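A.B. asks: sequence and predicted structure are below.
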Amino acid sequence: MARPANTARNGTFAAMTPDQAYELSRSLLAEPLPRRWAHSQGVAEAAKRLAPILGTYADTLVTAALLHDIGYAPMLASTGFHPLDGARFLREQGQVEVLVVRLVAHHSFALLEAEERGLRGELEKFPLPEQGDLVDALAYCDMTTTPDGEPTTYGERVFEIIGRYGPDSLLGRFIRRAEPEIQAAVERVEARMSGHR
């Protein structure tokens, strides 16, 4: 698959490296939200393990994995919907490729949560990435990593989220709606990894 040119909003090349993403995420999450920072590091480790099936997009996934939850940072949380808050911040920085911004905006089927929050229109200002394999890969990494950054199964992760927030909470409703999509994404990634061996 040919990789399109990466351009920032001003038309110049811009691609944040995984090392730069690590430092940015650490600076935003490590002190105020150490558990969220541990999760982000675990998601990035999962992303690294998918490198064999990602080709030239391997670093893109690691970068998105490190940045996917920065919208939880207190200084960025304006809407309270972390995919949107994180994507807005990254877009404003102008140092992150558009694909990474869109992956952050749409990670783990965020559009379904946006509907629950009445923010679908706002999230749709960030188009869904055309690279469906990367969307699947980020969902896989996020939904097979515990809040403490350890590997888990998607089923255990969904169960943990429902247990933490309650089945009738906004997040409980979202994750129950998203579970079939999460399962399908995980199965597609696992099939690709299995076929690569």
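C.D. replies: Thanks, I have the structure now. Numbers count the residues shown, from 1 in each chain.
A.B. asks: the nearest residue to Asp142 once chain neighbours are set aside: what's it in contact with?
C.D. replies: On the basis of C-beta to C-beta, 6 or more residues apart in numbering, the spatially nearest residue to Asp142 that is not a chain neighbour turns out to be Ser108, at 4.8 Å. All C-beta spots, glycine's among them, are computed from the backbone N, C-alpha and C. Contacts for Ser108 were tallied using C-beta atoms under 8 Å, 6 or more residues apart in numbering; they are 68, 138-139, 142-143, 178, 182.
A.B. asks: cutoff 6 Å now
C.D. replies: 139, 142-143 (C-beta atoms under 6 Å, 6 or more residues apart in numbering).
A.B. asks: helix, strand or coil for it?
C.D. replies: Ser108 carries the three-state label coil when classified by DSSP: H, G, I helix; E, B strand; the rest coil.
A.B. asks: among the contacts of Ser108, who's most crowded?
C.D. replies: For the contacts of Ser108, the largest number of neighbours (other C-beta atoms under 10 Å) sits with Met143, at 28 neighbours.
A.B. asks: now the helices for this structure?
C.D. replies: For the chain, the helices defined by DSSP state H cover 18-29, 34-49, 51-54, 58-67, 82-93, 98-106, 110-117, 120-123, 132-143, 154-165, 170-196.
A.B. asks: burial count for the nearest residue to Leu171 once chain neighbours are set aside?
C.D. replies: Ranked by C-beta to C-beta, 6+ apart and with sequence neighbours excluded, the top spatial neighbour of Leu171 is Tyr165, at 4.2 Å. A total of 15 residues lie near Tyr165 under the criterion other C-beta under 10 Å.
A.B. asks: ok, Tyr165 touching Phe174?
C.D. replies: No. Counting by C-beta atoms under 6 Å, Tyr165 does not reach Phe174; the two are 9.1 Å apart.
A.B. asks: residues contacting Ala44?
C.D. replies: Neighbour list for Ala44: 62, 65-66 [criterion: C-beta under 6 Å, 6+ apart].
A.B. asks: so which of the residues you listed is the closest to Thr153?
C.D. replies: Set against Thr153, the nearest of the contacts of Ala44 by C-beta to C-beta is Ala65 (18.1 Å).
A.B. asks: shouldn't that closest one be in contact with Val43?
C.D. replies: Yes. In this structure Ala65 lies within contact range of Val43 using C-beta under 6 Å: 4.4 Å.
A.B. asks: neighbour count for these two, which is higher?
C.D. replies: Looking at Ala65 and Val43 with other C-beta under 10 Å, you find the greater number of neighbours at Ala65, namely 31 against 27.
A.B. asks: tell me who's in contact with that one.
C.D. replies: Listed by C-beta under 6 Å, 6+ apart, the contact partners of Ala65 are 43-44, 47, 141.
A.B. asks: farthest pair within these?
C.D. replies: Pairwise across the contacts of Ala65, and taking C-beta to C-beta, the largest span is found between Ala44 and Cys141, at 7.8 Å.
A.B. asks: contacting residues for Phe16?
C.D. replies: Quick fix: residue 16 reads Met, not Phe. Under the criterion of C-beta under 6 Å, 6+ apart, the contact partners of Met16 comprise 63, 95-96.
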